[in-house]
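Enquirer: prediction below, plus the sequence it came from.
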Amino acid sequence: MSTLQINQLQTNPILPIDPLLVLVEQVLARLQLADRQVGVTLVDDVRSHALNRDYLGRDRPTNVLSFPADESEELGEVIVNVDYAVREANEAGVTTLAAVGYYIVHGLLHLAGYDHEDVDEVEARRMEAMQESMQDLLAALTTVEDRE
């Protein structure tokens, strides 16, 4: 069983954590990484912008950032921008929780070694296929109310 921690640093909306914990556990199990420690932090545009600028040199907010851990028992940290997820959810007609879940899956895939940036088309498609294979896990988040 992995050690999970989800922190909400954004103030609006406050999301229910339990469904996100279940999602992370399920994704890690499918990736055969259930014994690894992982952290998820939910932030707003301001924090996302600062992290994206400071660590990746991109002067804008982003949807999700992944920071791999240095230690073998730790997988790393996924940072999800909830403001970004709210906007995407409104456009897509899904719950904010489902959008946040999508970004969590995406970030965990990066931590597991999948990539779609600065790689060949085969590797990018490999990550896309893995992301698609996790879509069934997001179904539970489409019916959960966004607020705790």
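Expert: Great, that's in hand.
Enquirer: so where's the protein shaky on pLDDT?
Expert: Scanning the chain for pLDDT under 70 picks out 1-3, 144-148.
Enquirer: now do the contacts for the residue most central in space within the chain.
Expert: Centroid-nearest residue in the chain, with CA atoms, centre = their mean: I104, separated by 1.6 Å. Applying CB atoms under 8 Å, 6 or more residues apart in numbering, one finds that I104 lies in contact with L20, L23, V24, V27, V40, V64, V78, V80. Every residue, glycine included, has its C-beta placed from N, CA and C.
Enquirer: mind doing that once more with 7 Å?
Expert: Going by CB atoms under 7 Å, 6 or more residues apart in numbering, I104 touches L20, L23, V24, V40, V78, V80.
Enquirer: what's the answer for Q10, then?
Expert: Q10 makes contact with L42, V43, D44, V82 under the criterion CB under 7 Å, 6+ apart.
Enquirer: report how many residues lie close to the second one.
Expert: I take that to be V43. Applying other CB atoms under 10 Å, we find 22 residues neighbouring V43.
Enquirer: picking that back up, can you pick the most crowded of the contacts of Q10?
Expert: Counting neighbours by other CB under 10 Å, V82 leads those with 29 neighbours.
Enquirer: longest helix in the protein, please.
Expert: The longest helix of the chain (DSSP state H) is helix 96-111.
Enquirer: give me the next element, helix or strand, following it.
Expert: Next in sequence after helix 96-111, counting helices and strands by DSSP states H and E, comes helix 121-133.
Enquirer: for that next one, C-alpha coordinates in PDB please.
Expert: In PDB, the C-alpha atoms belonging to helix 121-133 read as follows (Å, rounded to 0.1, in the frame of the first residue of the first chain):
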ATOM      1  CA  GLU A 121       5.700  10.000 -31.700                       C
ATOM      2  CA  VAL A 122       5.800   6.300 -30.500                       C
ATOM      3  CA  GLU A 123       6.500   7.300 -26.900                       C
ATOM      4  CA  ALA A 124       3.900  10.100 -27.000                       C
ATOM      5  CA  ARG A 125       1.300   7.600 -28.300                       C
ATOM      6  CA  ARG A 126       2.400   5.100 -25.600                       C
ATOM      7  CA  MET A 127       1.500   7.700 -22.900                       C
ATOM      8  CA  GLU A 128      -1.700   8.700 -24.600                       C
ATOM      9  CA  ALA A 129      -2.800   5.000 -24.800                       C
ATOM     10  CA  MET A 130      -2.000   4.600 -21.100                       C
ATOM     11  CA  GLN A 131      -3.900   7.700 -20.200                       C
ATOM     12  CA  GLU A 132      -6.900   6.400 -22.200                       C
ATOM     13  CA  SER A 133      -6.700   3.100 -20.500                       C
END
